[in-house]
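K.L.:
Fold the following, please.
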Amino acid sequence: MSSIIQDAQRIVHDSIKAVLPDAAVRRALAGRQFSKPVKLIAIGKAAWRMAHAACTTLGDQVDCGVIITKYNHSEEEIPRIEIFEAGHPVPDENGVRGTRRALELVRGLTQEDTVLFLVSGGGSALFELPLEGASLDDIAALTCQLLACGAEITEINTLRKHLSAVKGGRFGAACAPAQVECIVLSDVLGDSLDTIASGPAVPDQTSCEDVQRIMAKYALSVPEHLIPLLNRETPKRLTNVCTQITGNVTALCQAAADSARALGYHPLLLTTTLDGEAREAGAMLASIAREIHRSGQPVQPPCAVILGGETVVHLHGKGKGGRNQELALAAADGIDGLPDTCIFSVGSDGTDGPTDAAGGIVTGEFAQKARARGLSIEAALADNDSYTILRDMDALLVTGPTGTNVNDVCVLLCR
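P.N.:
Modelled structure (predicted):
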C-alpha cells in the first residue's frame, strides 16, 4: 500500500499533466487552414509549450513569431520563432523588448492576414510596453506596491491596463485590420477574458473610475505624471478578434478528483473559486480535516477534499515563501496529531512566489516533528517564511516549471 504522501504526489502529477496545453492547442487548431501564413505571438508561463504545439500542428503555415515567457520556462529553439524570457511577477526590460518585437510583427497587416495569439497566465507581467509618458520603473513600482498590500490580481491588472500600450484590448487594436485568433489558457477564477493576462486582445471592462477606486482603497503613492495616463480609457470594442479557452482551474480540479478516485479515495470537489488569505484557507482546510475525523462529514474517509483557485498573502515579514507554501504551513498546525491525514497546495505552473517550489505538503505528524527540531510554525508564518521551514522539514513540492498555468489546487487526504 502506498503512503499518503505518495498518493498526494501522484495526484499532483496527474492533475498537472491533465492541463498541459499541448493537446488542447492541437485540438483547437486541428484542420485549420489559413489563406496566408500566420504571425504567431505567445505570451505567459505556458507560452513555449503552446507555441511549440501550434507550430507542430500548423507547420509551414506559421510565417514567424515571438514567444515571451518567464525565465527558464522555454526549452529548445523553434524554427522561425524568436524567444524572449522575461521577469515575473514584476515586468523587466526583456519583456519590453519582446513586446516591442511582437508589435513590429503585427504592424501593417491587412484584412487577409491572421495573428495567432496564444495567451496564458503570467502574461500581465511578461507582455508589457509602457504607454508614452510612463516607464517600466513606474509600472514595476506600482506592481510592487500592489503585491505588498495583498491586492487581488484583478485589481493589479486594472492599473496595469491603463499604463500599458498592449493590455486592455490595445494589442488587439494594434493588430487591426488583421484577424486575431486567440487561444487562451485561463488562470483567472471565472475565466473572465478581459482579466486573463490583462486582456490584450479583449474589449476592456474596467474603467478609469475603477482605477481611482483601487488607488484610494490601498492608498497608493502614484507619481503625478501617471495620473493623465490612468485617466485614459482602454478600448471597449474590438471586431477583429475571435477567442477560445482551452484549459482552466475546473479541469485541474477534475483531474485531481479523477486521480484521487483511482487511488481509492472518495473525492469531494468543494470549490473552484478559492480566494482570500492563504493562511486562513489553510486553517479552514484543517478544520474540515478535524470534522471528517470527528463525524465523517462532509465525506467519509478514505476521502479527498479538493479546492481550486488562488489565494493571496499579505506580507508582514521578511521571509521567503508563496501562497501555496503558506497555506500548507498554516494547515499543519490545525491537523497536528491527526492520523492518516495529508494536505497539499500546489501552483499548476510549478512556481510559488519567488521560490523554486511549487507548493507545500504536510501531514498530521508535521507539527510535532517540527517542534522536536526546534522549529516554530507560528514564527515562520509571522515572518512569511514558509519556504525555510518546509524546506528544512523536506515538505516542499518541487516540480520545476510545468509549462502550464491554471491557478492552484489544494487537496486534503484522509484515510
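
K.L.:
So what's the residue count around residue 21?
P.N.:
30 (other Cβ atoms under 10 Å). The C-beta positions use only the backbone N, C-alpha and C, and glycine is treated the same way.

K.L.:
Which residue ranges of the stretch 1-150 of the chain form helices?
P.N.:
For the stretch 1-150 of the chain, the helices defined by DSSP state H, counting those that start in this stretch occupy 4-18, 21-29, 47-58, 93-106, 123-126, 136-148.

K.L.:
so of those helices, which one's packed in deepest?
P.N.:
helix 123-126 (a mean of 30; mean count of other Cβ atoms under 10 Å).

K.L.:
Give the buried residues for the helix or strand harbouring residue 250.
P.N.:
If you go by DSSP states H and E, residue 250 is part of helix 249-262. Using 16 or more other Cβ atoms under 10 Å as the test for burial, helix 249-262 gives 249-257, 259-260.

K.L.:
mind putting the residues you listed in JSON lines, distance to residue 149 and pLDDT included?
P.N.:
Shown next, in JSON lines, are these (distance: Cβ to Cβ, whole Å; pLDDT from 0 to 100):
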{"residue": "249", "distance to residue 149": "24", "pLDDT": "94"}
{"residue": "250", "distance to residue 149": "29", "pLDDT": "93"}
{"residue": "251", "distance to residue 149": "31", "pLDDT": "92"}
{"residue": "252", "distance to residue 149": "28", "pLDDT": "95"}
{"residue": "253", "distance to residue 149": "29", "pLDDT": "97"}
{"residue": "254", "distance to residue 149": "34", "pLDDT": "96"}
{"residue": "255", "distance to residue 149": "34", "pLDDT": "96"}
{"residue": "256", "distance to residue 149": "31", "pLDDT": "98"}
{"residue": "257", "distance to residue 149": "35", "pLDDT": "98"}
{"residue": "259", "distance to residue 149": "36", "pLDDT": "98"}
{"residue": "260", "distance to residue 149": "36", "pLDDT": "98"}
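
K.L.:
Strands of the stretch 301-415 of the chain, start to end?
P.N.:
303-309, 341-347, 359-363, 396-397, 408-414 (DSSP state E, counting those that start in this stretch).

K.L.:
Which one of these lies nearest to residue 59?
P.N.:
Nearest to residue 59 among the strands of the stretch 301-415 of the chain is strand 341-347; the distance by Cβ to Cβ comes to 33.1 Å.

K.L.:
what angle separates that closest one from strand 408-414?
P.N.:
Using axes from the mean of the first three to the mean of the last three Cα atoms, to 10 degrees, the direction of strand 341-347 lies 170 degrees away from that of strand 408-414.

K.L.:
Just the C-alphas of strand 341-347, formatted as CSV.
P.N.:
Extracted C-alpha coordinates of strand 341-347, given in CSV (Å, rounded to 0.1, in the frame of the first residue of the first chain):
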residue,chain,number,x,y,z
THR,A,341,-4.1,13.0,7.1
CYS,A,342,-2.3,15.0,4.5
ILE,A,343,-2.8,18.4,3.0
PHE,A,344,-1.0,19.9,0.0
SER,A,345,-1.3,23.0,-2.1
VAL,A,346,0.4,23.5,-5.4
GLY,A,347,0.6,26.0,-8.2
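
K.L.:
one step back: right, and the strands of the stretch 301-415 of the chain - which one's nearest residue 19?
P.N.:
So among those, strand 408-414 is nearest, using Cβ to Cβ, at 9.5 Å.

K.L.:
circling back to that earlier point, show me what the helix or strand following the helix holding residue 250 is packed up against.
P.N.:
Counting by DSSP H and E, the next helix or strand C-terminal to helix 249-262 is strand 266-274. Here strand 266-274 touches helix 249-262, strand 303-309, going by 3 or more Cβ pairs under 8 Å, 6 or more residues apart in numbering; DSSP states H and E.

K.L.:
Count the neighbours of residue 216 for me.
P.N.:
The tally of other residues near residue 216 (other Cβ under 10 Å) stands at 9.

K.L.:
ok so it is a helix residue?
P.N.:
Yes: judged by DSSP: H, G, I helix; E, B strand; the rest coil, residue 216 forms part of a helix.

K.L.:
Just the helices from the stretch 151-300 of the chain, written as ranges.
P.N.:
Along the stretch 151-300 of the chain, the segments classed as helices by DSSP H, counting those that start in this stretch run 153-162, 170-175, 208-217, 227-230, 249-262, 278-295.

K.L.:
show me the contacts for residue 312.
P.N.:
Residue 312 makes contact with 150-152, 275-278, 323, according to Cβ atoms under 8 Å, 6 or more residues apart in numbering.

K.L.:
Could I have the buried ones of those residues as ChimeraX selection syntax?
P.N.:
Selecting only the buried entries of the contacts of residue 312 in ChimeraX, with 16+ other Cβ under 10 Å as the criterion:
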select :150,151,152,277,278,323
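
K.L.:
export the contacts of residue 312 to CSV and tack on distance to residue 160 and pLDDT?
P.N.:
CSV is the format used below for the contacts of residue 312 (distance: Cβ to Cβ, whole Å; pLDDT from 0 to 100):
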residue, distance to residue 160, pLDDT
150, 16, 84
151, 11, 89
152, 13, 84
275, 19, 93
276, 22, 92
277, 23, 96
278, 22, 97
323, 20, 97
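
K.L.:
Most widely separated two among the contacts of residue 312?
P.N.:
Checking the contacts of residue 312 with Cβ to Cβ, the most distant pair is 151 and 278, at 14.4 Å.

K.L.:
possible to save the strands of the stretch 301-415 of the chain as a markdown table with mean neighbour count?
P.N.:
A markdown table is the format used below for the strands of the stretch 301-415 of the chain (neighbours: other Cβ atoms under 10 Å):
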| stretch | mean neighbour count |
| --- | --- |
| strand 303-309 | 24 |
| strand 341-347 | 29 |
| strand 359-363 | 29 |
| strand 396-397 | 22 |
| strand 408-414 | 27 |
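
K.L.:
do you know which of these lies nearest residue 64?
P.N.:
Proximity to residue 64, assessed across those by Cβ to Cβ, is greatest for strand 341-347 (32.0 Å).

K.L.:
strands paired with that closest one, and their directions?
P.N.:
Its sheet considered, strand 341-347 pairs with strand 359-363 (antiparallel), strand 408-414 (antiparallel) by DSSP bridges.

K.L.:
so how far is the shortest one from its chain's centroid?
P.N.:
The reference is to strand 359-363. Strand 359-363 has its C-alpha centroid displaced from the chain centroid by 19 Å (Cα atoms, centre = their mean, to the nearest Å).
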